[in-house]
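Predicted model follows, preceded by the sequence.
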Amino acid sequence: MLEKLGWNTRLEALKNRKNKELFAGRVSTQNRDLFKVITDEGEWLCNLPGTYYYEATFDFPAVGDWILLAPQEGEHRGVIQNVLKRTSVFKRKAAGNETKEQVIAANIDIAFLVMSCNKDFNVKRLERYLIATWDSGAKPIILLTKADLIDDNKRIDLEIKVSEIAVGVPYYFVSNNTGENLSKVQGALSPNLSGVLLGSSGVGKSTLVNTLLGLEKMTVNGIREDDSKGKHTTTHRELIILPKGGVIIDTPGMREFQLWSEEGNQGFSENFQDVQELISQCKFNDCQHDSEPGCAVKEALSNGGLSQERYEQYLKLQKELAYIERKENENLRRLEKEKWKKLTMQTRRKY
């Protein structure tokens, strides 16, 4: 069973170094502090050890994580003892005002960025997904669903918009009704590879999963007439084994998608290579792209080599990432201060 989920010699070596006696498995769903884990012995219901909440020694498990568990009293129940080192992790800033990360999926090879061709397509949202995907370590593939609802002119328009912001990234027009390019989606998920479906509500993610499975596993509803969106039904992240090989993680629609700042912001640099290449060509290293002579950015904006909208999006996301990084550093300093305060109090009590 584990081989179907992507278990390999690297993971086997990690397990043996940690503890040969523990069971290995992969998290398929999460509900707060309870986790369903697929193992060679079937599906187990697992929780974290009580000590974890006082001193965490491994990452909080997420869907897609490979974990080691110890059996607990009761049939197919266990306690998670370790989370094996991740090869990739897709994350965002958690919704709301609090500055903290939210892990969407772990150990993914391919991130399918799903947008429908009718009224859901949004260039700025797609840019955010692309940046997060490059940061995650996964490979992005863009899926433009409900392709049977648009004409050739609309297709050309969408192709131009995608090509401008996703240079070199594969994209497919997909239709569950006509079967267009579904074989390419399945082909990208060969055995031992893991994918995740990411997109807003109603773009057809669950319908796509059903088509790949060849059955009605995920509950779906029809398209609402008022906004041409599918009725959102997915309420949790779930890892699903596909019959022709590979696994896919279905996710709930995300109403907002705020980036999470990563060290070096590699995803941001990857997605805005064109803008950063222009910046490197400016005459002055500290060019503010305002009134300085020899500014390659200003020249590109004037001659049409760079659109004003893309440059403004570059500046906006740059500020957003800088703000999140600053708030994250403030939180880390606060936690470190609280930790030392607690240690000091414990030392005083001791003596």
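Great, that's in hand.

Every contact and neighbour count from this point should use C-alpha atoms.
Will do.

mean confidence for stretch 54-66?
Here stretch 54-66 scores 91 as its mean pLDDT.

no wait, stretch 125-142
The model assigns stretch 125-142 a mean pLDDT of 88.

So for the nearest residue to residue 198 once chain neighbours are set aside, what's the pLDDT?
Leaving aside its chain neighbours, residue 198 sits nearest to residue 113 (5.1 Å; criterion: C-alpha to C-alpha, 6 or more residues apart in numbering). Per-residue pLDDT puts residue 113 at 94.

and after whichever strand or helix holds residue 113, which helix or strand comes next?
Assigned by DSSP states H and E, residue 113 belongs to strand 110-116. Going down the chain from strand 110-116, the next helix or strand is helix 123-136, by DSSP H and E.

just the angle between that next one and strand 110-116, please?
Following axes from the mean of the first three to the mean of the last three C-alpha atoms, to 10 degrees, one obtains 170 degrees for the angle between helix 123-136 and strand 110-116.

Output the contacting helices and strands for helix 123-136.
Here helix 123-136 touches strand 89-93, strand 110-116, strand 139-145, helix 152-165, helix 266-271, going by 3 or more C-alpha pairs under 8 Å, 6 or more residues apart in numbering; DSSP states H and E.

closest to residue 302 out of the ones you listed?
The stretch from the helices and strands packed on helix 123-136 with the least distance to residue 302 (C-alpha to C-alpha) is helix 152-165; that distance is 17.6 Å.

ok, the residue nearest to residue 198 touching residue 138?
No - in this structure, residue 113 is not within contact of residue 138 by C-alpha atoms under 8 Å, at 11.5 Å.

list residues touching both of these two?
When C-alpha atoms under 8 Å, 6 or more residues apart in numbering defines a contact, no residue borders residue 113 and residue 138 alike.

sorry, back to before: tell me what the residue nearest to residue 198 is bridged to.
residue 142, residue 198 (DSSP bridges).

i'd like the first residue to be 45 from this point on
Yep, numbering from 45; the last one is residue 157 now.

Tell me which residues touch it, please.
170, 173-174, 184-187, 241-243.

what do you get for residue 187?
Residue 187 makes contact with 156-160, 215-218, according to C-alpha under 8 Å, 6+ apart.

and with 10 Å instead?
By C-alpha atoms under 10 Å, 6 or more residues apart in numbering, the contact set of residue 187 is 156-161, 214-219, 225-226, 229, 241-243, 247, 249.

now do residue 320
Per C-alpha under 10 Å, 6+ apart, neighbours of residue 320: 312-314, 341, 358.

tell me the most buried of the helices and strands packed on helix 167-180?
Sort the helices and strands packed on helix 167-180 by mean neighbour count, taking mean count of other C-alpha atoms under 10 Å, and strand 154-160 sits at the top with a mean of 25.
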